[in-house]
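Enquirer: Let me see the structure of the following:
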Amino acid sequence: MVANTTFKSKREEIKIDGLKWINISDAGQEDIKYLENNFNFHHLDLEDCLTENQRSKIDEYSDYLFIILHLPFLHRRSKRITPIELDIFVKDGLLITVHENHPIINKIFDNCKKSPAVKKEYFNNSSGYLMYRILNEVFENVFPMVDDISKNLNSIELDVFEDYTGKDRLKDILLMKKDLINFRRIIMPQRSVIAQLEHLQMRFSQNELDVYFDNIVDKIEKIFGVLENLKDLVDSLHQTYESLISHNTNNIIRVLTLFSVIMLPLTVITGFYGMNLKKLPFDGHEFAVIIVGAIMLSVLVGMLSYFKYKKWL
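Expert: Next comes the predicted model:
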């Protein structure tokens, strides 16, 4: 994880009844130095907190766990989905979260600071249970993101299938496919990490947490299942839209081709009479223009009738 230069590093803590939560947003070198001086964490784990593109994982030690997760985040301005890395140190009586200013985690922390009732609700058990409550709420807030994608996709689908106006929606469909690919890429590794956490015996926990983490696993599986369905839908929508564009293009080409074919014999006739030759048919006839025009009109009507008979019009 690399510290975000947009935000200043922020380190806060809450402690109640022997349980402490330290929340670090946009960690810098000073925060890592603080962790190194005050806690007996492995130096490789501390380096991972400042290293970009770490894989989701769980490292188990004799007295603590180090967990790396990647959480999907929807940027309100760009409407694009990107991952935010969350690093967690959890041991007996201590939980440390290190992240890139994740709004949900910061909101939970602020609510615990402001409300004694909320603080008691989150801090009434072990550090493992506190971690569960945080992760459960974080993944619960992923569902509205999935719903937003589903609504946008339904809007595009309605425009393509029922209310097609010729507006180019290809870019919207491709951006939707990109978001779904990124979303699935973010969620997929978290399935195995949380599942592994579910079956891990936490020595620093006062009670069995496998049932609780199984609840998070169910949420992740539901999210991933919906994303799979949306992926199939957007793939079908993309193929349908491409077919629709191809169909409309073929119709335009057909009309232009018919015009070209109709004009061809008329062009031959006008070209023939445009030659500087003597003794052409109807040359010198007082109704020559009318006769030639009638011939051209007959050819035109005949070709249109033939095209109509062949159902090309």
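
Enquirer: what ranges do the strands span in the stretch 1-150 of the chain?
Expert: Assigned by DSSP state E, counting those that start in this stretch, the stretch 1-150 of the chain shows strands spanning 10-16, 19-25, 57-60, 64-74, 81-91, 94-99.

Enquirer: mind listing the helices for the stretch 151-300 of the chain?
Expert: Per DSSP state H, counting those that start in this stretch, the stretch 151-300 of the chain has helices spanning 170-198, 210-273, 288-309. These are given in chain order.

Enquirer: hmm, back to that, which of the strands of the stretch 1-150 of the chain sits most buried?
Expert: Highest mean neighbour count of these: strand 94-99, a mean of 24 (counted as mean count of other CB atoms under 10 Å). Any C-beta I mention is one placed from the backbone N, CA and C, and that applies to glycine too.

Enquirer: on that earlier part again, of all the strands of the stretch 1-150 of the chain, which one is nearest Lys113?
Expert: Within the strands of the stretch 1-150 of the chain, the stretch nearest Lys113 is strand 10-16; the backing value is 6.2 Å (CB to CB).

Enquirer: do you know how far the closest residue to Lys177 other than its chain neighbours is from Ile81?
Expert: In space, and not counting its chain neighbours, Lys177 is closest to Val234: 5.3 Å by CB to CB, 6 or more residues apart in numbering. Note on Val234: its distance to Ile81, by CB to CB, to the nearest Å, is 14 Å.

Enquirer: same check, this time on Gly302
Expert: Counting by CB to CB, the gap from Gly302 to Ile81 is 61 Å.

Enquirer: re the thing from before, any chance of the strands of the stretch 1-150 of the chain in CSV with mean pLDDT and distance to Phe41 as columns?
Expert: Converted to CSV, the strands of the stretch 1-150 of the chain look like this (pLDDT from 0 to 100; distance: least, CB to CB, whole Å):
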stretch, mean pLDDT, distance to Phe41
strand 10-16, 88, 15
strand 19-25, 92, 12
strand 57-60, 90, 10
strand 64-74, 90, 7
strand 81-91, 91, 6
strand 94-99, 93, 9
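
Enquirer: Please report the number of neighbouring residues for Ile32.
Expert: Neighbours of Ile32 under the rule other CB atoms under 10 Å: 19.

Enquirer: ok, for it, nearest residue in space, not its chain neighbours?
Expert: Excluding its sequence neighbours, the residue lying closest to Ile32 (CB to CB, 6+ apart) is Leu46, at 5.2 Å.

Enquirer: tell me, how many neighbours does that neighbour end up with?
Expert: Neighbourhood size, Leu46 [other CB under 10 Å]: 21.

Enquirer: Could you report the separation of it from Asp59?
Expert: 12 Å.

Enquirer: and if you look at Asp48?
Expert: From Asp48 to Asp59 the distance is 9 Å (CB to CB).

Enquirer: Give me the common contacts of those two.
Expert: By CB atoms under 8 Å, 6 or more residues apart in numbering, Asp48 and Asp59 have these common neighbours: Phe66.

Enquirer: Quick test: name the residue nearest the centre of the chain.
Expert: Nearest residue to the geometric centre of the chain (CA atoms, centre = their mean): Asp179, 1.6 Å.

Enquirer: Now do the helix or strand of the chain at the bottom of the mean pLDDT ranking against helix 210-273: the angle between them, please.
Expert: One helix or strand of the chain scores below all others by mean pLDDT, DSSP states H and E: helix 288-309, with a mean of 83. Helix 288-309 and helix 210-273 are oriented at 150 degrees to each other (axes from the mean of the first three to the mean of the last three CA atoms, to 10 degrees).

Enquirer: if I look at the residue nearest to the centre of the chain, how far off is Leu227?
Expert: Taking CB to CB, one finds Asp179 at 10 Å from Leu227.

Enquirer: any weak-confidence spans in the stretch 201-313 of the chain?
Expert: 201-208, 276-278, 284 (pLDDT under 70).
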